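J.: I'll drop the sequence and a predicted model, then ask my questions.
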Amino acid sequence: MQNLPTFVLVHGSFANSFSFAPLQAELALLGHRSAAVDLPGHGFEATFPAAYQTPQDLDALAAEPGSIKGVTLADNAARVIEVLERAGRNGPTVLVAHSRGGITATAVANARPELIDRIVYVSAWCPVDLDVGGYYAQPEMADVDTSGFAGTLVGNPAELGLLRTNFRTADPLALAAFKEAFAADLTDDEFRTFLNSFQPDENLDAGTSADRAQAATWGRVPRTYVRLAADASVPTAVQDRMIREADALTPGNPFDVRTLQGSHLHWLVHPKPAAELLAALADR
């Protein structure tokens, strides 16, 4: 096992290490070890206010403090760096990031590229020419409509110091919007099961221009981008744009591009193809 890499898995917004359990099971059955990271304020560090339970008290929920307040991108990166340092004692490491986790993975590779033998973005944000917020204003994101679940936001982010979403809403329009954006190809039961694994709070710090991919550090790490072909929240057009920008930044170390079928969350609910893809990267 010494020469086999450890997959270090980094989740996206409002998620946690729990969402990787099916993927980790598949990786284990293929003979590969993995460690799923809970970023600060996630997993068992998350806040689930009593007002979030049923019956919900949305007024109280809008004012309830959350443990993720004040968590920064630097805090996220430090958490992953600690895991990579420990995992590296056992052999190579492959850093796998999903969705917003790509921002953290990029920050980690900017700071400590020597800890990573390969970085894998799975429909993950890889900011190169723009900050993540900047990509949302680009034509590639024009078809992403967030208005359907805007009503699930609770409280004032500036006052709370965090972003809070009511994933336990029963509003059929909001639920339909969530499903369309993240899981259109899952059954209703699969979708609701995943939705109930989300936590209500996310931190506000998505990085600045200083946290974009840096050629001298991040650019040294071999990298793979796994496109999700039916992703409606991070469309393939923006995935491809980030790939192009990264390849232009470090033309001597371009992305190894792969594609999986399915929505933003499908690969986590039905992880066998993803596990086989990652195992093949490890075998290389």
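T.: Good, I have the coordinates. On a predicted model such as this, the values are computed, not experimentally measured, just so you know. Residues are numbered from 1 along each chain as shown.

J.: how far is stretch 112-126 from where the chain is centred?
T.: Centroid separation for stretch 112-126 versus its chain: 12 Å, with CA atoms, centre = their mean, to the nearest Å.

J.: and Val83, what element?
T.: Assignment of secondary structure by DSSP states H and E places Val83 within helix 73-87.

J.: note down every partner strand of the next helix or strand after that helix and its orientation.
T.: Stepping forward along the backbone from helix 73-87, the first helix or strand reached (DSSP H and E) is strand 93-98. Looking at strand 93-98 with DSSP bridges, its partner strands are strand 6-10 (parallel), strand 118-122 (parallel).

J.: what mean pLDDT does the next helix or strand after the last one get?
T.: By that I understand strand 118-122. Read in the C-terminal direction, the helix or strand following strand 118-122 is helix 132-135, with elements assigned using DSSP H and E. Predicted confidence along helix 132-135 averages 92 (mean pLDDT).

J.: sorry, back to before: export the strands paired with strand 93-98 to a markdown table and tack on distance to Pro235?
T.: Just so you know, the C-beta spots here come from the backbone N, C-alpha and C atoms, and that holds for glycine as well. Output for those, formatted as a markdown table (distance: least, CB to CB, whole Å):
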| stretch | distance to Pro235 |
| --- | --- |
| strand 6-10 | 21 |
| strand 118-122 | 15 |
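
J.: out of these, nearest to Asp75?
T.: strand 6-10 (13.3 Å; CB to CB).

J.: Leu281 and Thr224 touch, don't they?
T.: Yes - using CB atoms under 8 Å, Leu281 is in contact with Thr224, at 6.1 Å.

J.: which residues are in contact with each of those two?
T.: Any residue near both Leu281 and Thr224 by CB atoms under 8 Å, 6 or more residues apart in numbering counts here, and that gives 118, 120, 256.

J.: what is the nearest of those to Pro49?
T.: Proximity of the shared contacts of Leu281 and Thr224 to Pro49 (CB to CB) peaks at Val120, which lies at 34.7 Å.

J.: surely that closest one is in contact with Ala279?
T.: No - using CB under 8 Å, Val120 and Ala279 do not qualify as a contacting pair, with a distance of 11.9 Å.

J.: which of the two has more neighbours?
T.: Of the pair Val120 and Ala279, Val120 is the one with more neighbours under other CB atoms under 10 Å, namely 28 against 18.

J.: tell me how far the more buried one lies from Thr104.
T.: Distance, Val120 to Thr104, using CB to CB, to the nearest Å: 13 Å.

J.: anything in contact with each of these two?
T.: Ala97.

J.: out of the shared contacts of Leu281 and Thr224, who's nearest Arg220?
T.: Checking those against Arg220 by CB to CB gives Arg118 as the nearest, at 11.5 Å.
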